[in-house]
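Participant: Here is my input; please provide its structure:
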Amino acid sequence: MRKYNAPRVKESRGVQLLTTIWIVPFIAMIIALWLGYQYYIKIGSAIEITFKSNAGLVENQSPIKMRDVTVGIVKHISLSSDGEGVVIKARMNREVSEYLNNKAKFWIVHPDVGSHGISGLDTIVSGSYIELYGKKESETMHYYVGLEKPHIDDEAKGTYYILSAPKSYNISEGSNIYYRMIKVGRVERVGISPDGSHVNFTIFIEAQYTKFVNYKSKFYTRSAFNLDFSRARLDVSIAPFSQLVHGGISIFTPNNSLDGNSSIKKGTIFPLYKNLAEMKAKQLGIGGEDRVYRLSFKEDTTKLKVGSPVEFKGFQVGYITQIEDKYNKKGIKSNIYATLHMEAFQTKEMNSTEKERMIINLVREGLRAKLSSSMPVVGSQFIELIFDKSHRDTIRIANNGDEIFPTIENHKEEGSIMNQVDRLLAKLQNLPLEPLLNSANSILVQNKKPINSLLKDLDKTILTFNKTIANFNNTVDNLNSFTSNQELHSLPENINNSLRELEFSLQTLQQMSIDYSGDSKFSDQLSVTLKAVTEAAKSFDKTNKMLDRKANALVIGDE
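Facilitator: Predicted structure coming up:
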């Protein structure tokens with residue numbers, strides 16, 4: 001029986017390598033080789049970076065950026081061999097290989113929240129990353145020590161300046177620099193000076209604004225709150241939020257110095273004033289060499305504070321940096337450490353040797369330090385340098401190396417205001433005020449009834465006087481109505497006479513009110529008149545009796 005649709009199988013007589021089943025693996029291999037080649041041409045060198053600590057970096061996730069472009073990735077994070085840092089192993093892109101040389105700088109960018117504000121906001125979402133700064137040269141290095149702070153580009157388009165102040169004044173890295181309320185730069189670095197006596201600020205001013213900074217420029221911190229009541233007008237201003245968070249520095253440059261000559265000596269350090277008022281104060285020697293001296297006082301220094309000025313002839317030539325109070329059997333001794341600006345006492349004609357011994361010579365001539373007060377009794381204290389040639393001294397060196405500046409006590413100056421006030425208070429305190437008050441009180445108690453009677457009589461007198469004034473007012477009103485009568489115009493002479501009589505009457509009344517007393521002439525005349533009236537009354541009584549006895553006695557007489 002015949003079979004239909006049966007498959008026909010052809011017998012293979014050789015080996016066939018290229019068949020359709022090999023096409024898919026072949027294509028996959030080509031794609032893998034292509035991807036490997038693409039990875040190879042992009043991959044760069046492997047580098048190691050050492051930091052003091054890891055600030056949020058994650059393996060195989062945290063990028064390395066240059067100008068906000070990803071140029072590498074962190075591959076591995078581990079502790080250093082000595083355990084004092086971390087080692088970051090990273091793979092860089094080939095396109096930045098020419099930046100891996102001795103000019104390359106790495107630092108970690110991470111979010112930082114503090115009293116100075118918030119930095120690294122872009123890392124809150126994306127996470128911490130490593131920033132790269134470098135110059136294009138041949139590749140020479142693969143091991144680096146990372147920076148703890150962002151790198152300062154010395155070749156940036158602008159100029160760097162150094163400021164110095166006793167405190168930070170709430171100025172932090174990133175704070176803005178203003179000239180006429182326009183932002184012209186920023187604060188790059190804030191750190192303590194090597195000797196620990198100052199805080200140094202490195203600021204950057206953009207190139208287009210450097211012409212407004214010269215050797216006469218002054219820098220001061222901007223106040224967060226300003227209150228002005230000049231010219232009878234209240235002016236209140238509050239700094240913007242960015243300034244409240246970061247702080248800010250303003251530049252003041254005199255207009256007459258903006259002549260294009262902005263040359264500043266290399267190494268110049270500008271002082272940073274606490275506020276505008278301090279900048280306007282009269283100061284000498286700012287920006288020159290400073291030296292610290294120790295001043296010892298046995299007087300009350302409770303109103304003397306760190307930062308209080310040291311003045312010479314009305315000019316500030318230094319400030320207080322430290323106050324140490326110690327108690328002993330004789331009282332409290334205060335050691336005051338003051339920074340003096342040496343340039344305040346120097347002149348251009350002095351050579352280096354004369355400048356070095358200048359302050360020593362002034363002390364030998366009688367320069368002394370004393371406590372003074374801005375207002376007697378209630379004012380804050382400051383140190384004042386004066387000349388007292390009656391007591392010559394020199395600067396001594398203590399065992400610990402402190403230079404001791406001679407001082408003078410206030411009681412040695414007999415004519416000082418504070419001494420006069422003290423003497424006045426002492427005299428007032430010694431007055432017998434309490435016995436005097438007790439004596440006055442006893443006198444008042446003993447004479448209470450006469451005093452009360454006197455007060456009652458005084459009240460009656462005041463009431464009588466008020467009635468007299470009221471009558472006088474009525475008289476004046478009547479006089480006014482009388483003078484307003486039309487008939488007055490036809491009788492000027494009579495009216496004048498009446499007015500004279502009225503004036504005379506008023507004068508008489510006034511004289512009577514003045515002379516009204518027990519010993520006055522009015523009283524004497526009244527007594528004489530009363531006596532005469534009494535005698536007349538007696539005569540009239542005798543006459544009346546005579547008429548009663550004899551009716552015609554007035555005609556023929558009384559026999």
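Participant: Please make it C-alpha for all contacts and neighbour counts, starting now.
Facilitator: OK.
Participant: Any buried residues in the host helix or strand of E278, and which?
Facilitator: Using DSSP states H and E, E278 sits within helix 276-280. By 16 or more other Cα atoms under 10 Å, the buried positions in helix 276-280 come out as L276, M279.
Participant: Which helix or strand lies directly C-terminal to it?
Facilitator: Immediately after helix 276-280, counting by DSSP H and E, sits strand 290-297.
Participant: residues in contact with that following strand?
Facilitator: Here strand 290-297 makes contact (Cα atoms under 8 Å, 6 or more residues apart in numbering) with 333-342, 369, 402-407, 409.
Participant: filter those residues to the buried ones?
Facilitator: 333-342, 369, 403-407.
Participant: now, which of those residues lie within strands?
Facilitator: Per DSSP state E, strands hold the following members of the buried ones among the contacts of strand 290-297: K333, S334, N335, I336, Y337, A338, T339, L340, H341, A369, E403, I404.
Participant: What is the lowest-pLDDT residue among those residues?
Facilitator: Minimum pLDDT for these is recorded at H341 (79).
Participant: Was I right to think that residue contacts V317?
Facilitator: Yes: between H341 and V317 a contact is recorded at 5.6 Å, counting by Cα atoms under 8 Å.
Participant: just for the stretch 51-200 of the chain, where's the confidence low?
Facilitator: For the stretch 51-200 of the chain, applying pLDDT under 70 flags the ranges 112-126, 154-156.
Participant: hey, where'd the helices end up in it?
Facilitator: Using DSSP state H, counting those that start in this stretch, the helices of the stretch 51-200 of the chain run over residues 123-126.
Participant: May I have the helix holding E278 as CSV, with CA atoms only?
Facilitator: Output of helix 276-280 as CSV, limited to C-alpha atoms (Å, rounded to 0.1, in the frame of the first residue of the first chain):
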residue,chain,number,x,y,z
LEU,A,276,29.8,101.3,61.1
ALA,A,277,30.0,103.3,64.3
GLU,A,278,33.4,101.7,65.3
MET,A,279,34.7,102.4,61.8
LYS,A,280,33.8,106.1,62.1
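Participant: Show me what that helix is packed against.
Facilitator: Judged by 3 or more Cα pairs under 8 Å, 6 or more residues apart in numbering; DSSP states H and E, the packing partners of helix 276-280 are strand 218-221.
Participant: Run through who's touching the strand it packs on.
Facilitator: With Cα under 8 Å, 6+ apart as the criterion, strand 218-221 contacts 169, 171, 247-253, 270-276, 279.
Participant: Tell me which of the residues you listed fall in strands.
Facilitator: Those of the contacts of strand 218-221 lying in strands (DSSP E): G248, I249, S250, I251, F252, F270, P271, L272, Y273.
Participant: Just flag the most distant two among those residues.
Facilitator: For the ones in strands among the contacts of strand 218-221, the maximum inter-member distance is 15.9 Å, found between G248 and F270 (Cα to Cα).
Participant: who has more neighbours, those two?
Facilitator: A direct count of neighbours by other Cα atoms under 10 Å for G248 and F270 places G248 higher, at 26 against 21.
Participant: Is the more buried one in contact with N176, as I believe?
Facilitator: Yes: with contact defined as Cα under 8 Å, G248 counts as touching N176 (5.1 Å).
Participant: Average pLDDT for the helix holding E278, rounded please.
Facilitator: In the prediction, helix 276-280 has an average pLDDT of 76.
Participant: Kindly report the same for stretch 316-329.
Facilitator: 82.
Participant: contacting residues around it?
Facilitator: Contacts of stretch 316-329 (Cα under 8 Å, 6+ apart): 166, 281-286, 305-311, 332-341, 344.
Participant: switch to 7 Å and redo it
Facilitator: In this structure, residues lying in contact with stretch 316-329 by Cα atoms under 7 Å, 6 or more residues apart in numbering are 282-285, 306-311, 332-341, 344.
Participant: Return the residues in contact with N93.
Facilitator: K42, I43, G44, V71, G72.
Participant: Most neighbours of all those residues, which one?
Facilitator: Neighbour counts for the contacts of N93 (other Cα under 10 Å) peak at G72, which has 24 neighbours.
Participant: Next, the contact list for the closest residue to that residue other than its chain neighbours, please.
Facilitator: Sequence neighbours aside, M92 is the residue nearest to G72 in space, at 4.1 Å (criterion: Cα to Cα, 6 or more residues apart in numbering). Going by Cα under 7 Å, 6+ apart, M92 touches I43, G44, S45, A46, V71, G72, I73.
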